[in-house]
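Student: Next comes the sequence, and after it the predicted model I'd like to discuss.
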Amino acid sequence: MYEKCEIESMLKEYLKSKSQLEELESKIAKNKVLLKYNGKKMQESEEEVIEGMSLNSPTISDMPRGKTNKINRPTEDIALTYKGKLTYINKADKIKLMNENYIYNEKAEPLRDLVGKVDRMLKALNNEQKLIIQTYYMYEPKWNYVATTYVQVYNEPRTVNQLKNIRDKALEIMLEVINI
């Protein structure tokens with residue numbers, strides 16, 4: 001059984017929880033895409049491979065001078081080895097990504113629960129009640145701001161006491177919805 005103060009705290013946490021949930025679901029989706037392409041072979045063009053290899057090769061002035069007979073020829077090395085690098089295998093750390101998704105899902109579950117409950121409670125309210133509840137609990141907990149918003153939407157002034165009565169009625173409806 002929920003009480004009025006618990007519903008009020010849910011309403012106050014709603015926007016933050018919804019944003020956190022969206023962020024976690026975005027990370028989960030990103031990891032799923034990476035897992036989907038794990039192990040897939042990608043074919044790159046010769047120009048892309050050669051360009052990447054030439055950008056990675058050190059300049060001659062940066063090369064260490066050794067006492068071996070091997071002569072370092074970057075251009076020749078690129079020409080001889082680029083064909084082996086045309087096929088790229090996407091290697092994602094599958095276990096790490098799956099563990100991250102598990103952790104994200106654990107964090108997201110209570111947020112999904114809270115957001116779902118608040119959404120279901122708000123569905124039971126009429127537009128007037130919804131406006132007052134959302135304005136007061138989610139955006140600005142000041143009654144003069146709520147009164148101003150109410151006048152802007154409905155072109156009808158209401159006193160603070162009238163707005164509080166509408167809020168109280170809305171909270172009773174929300175309690176009926178959640179305490180079924």
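Tutor: That came through fine. Here the structure is a predicted model, which means the values were calculated and not measured.
Student: Can you give me the neighbour number for residue 171?
Tutor: Around residue 171 sit 19 other residues, with neighbours defined as other CB atoms under 10 Å. For every residue, glycine as well, the C-beta is placed using N, CA and C.
Student: so it sits right up against residue 5, yeah?
Tutor: No: contact criterion CB atoms under 8 Å: residue 171 and residue 5 do not qualify, at 10.1 Å.
Student: For stretch 120-133, buried residues please.
Tutor: Of the residues in stretch 120-133, those buried under the neighbour-count criterion (16 or more other CB atoms under 10 Å) are 121, 122, 125, 128, 129, 131, 132, 133.
Student: With stretch 103-113 instead?
Tutor: Buried residues in stretch 103-113 (16+ other CB under 10 Å): 104, 108, 111.
Student: The residue nearest the centre of the chain and residue 128, how far apart?
Tutor: Centroid-nearest residue in the chain, with CA atoms, centre = their mean: residue 23, separated by 1.5 Å. Residue 23 sits at a distance of 32 Å from residue 128 (criterion: CB to CB, to the nearest Å).
Student: where does the protein have its least confident helix or strand?
Tutor: strand 87-89 (a mean of 59; mean pLDDT, DSSP states H and E).
Student: Can you name the next helix or strand after it?
Tutor: Beyond strand 87-89 in the direction of the C-terminus, DSSP states H and E gives the next helix or strand as helix 94-123.
Student: And that next one, what does it pack against?
Tutor: Where contact means 3 or more CB pairs under 8 Å, 6 or more residues apart in numbering; DSSP states H and E, helix 94-123 is packed against helix 4-36, helix 160-178.
Student: what is the rounded mean pLDDT of the first one?
Tutor: Helix 4-36 shows an average pLDDT of 93 in the prediction.
Student: Who are the packing partners of that helix?
Tutor: Under the contact definition 3+ CB pairs under 8 Å, 6+ apart, helix 4-36 sits against helix 94-123, helix 160-178.
Student: Equivalent analysis for the last one, please.
Tutor: Secondary structure elements in contact with helix 160-178, counted by 3+ CB pairs under 8 Å, 6+ apart, are helix 4-36, helix 94-123, helix 127-133, helix 143-154.
Student: Quick one: list the elements packing against the last one.
Tutor: If you count contacts as 3+ CB pairs under 8 Å, 6+ apart, helix 143-154 packs onto helix 127-133, helix 160-178.
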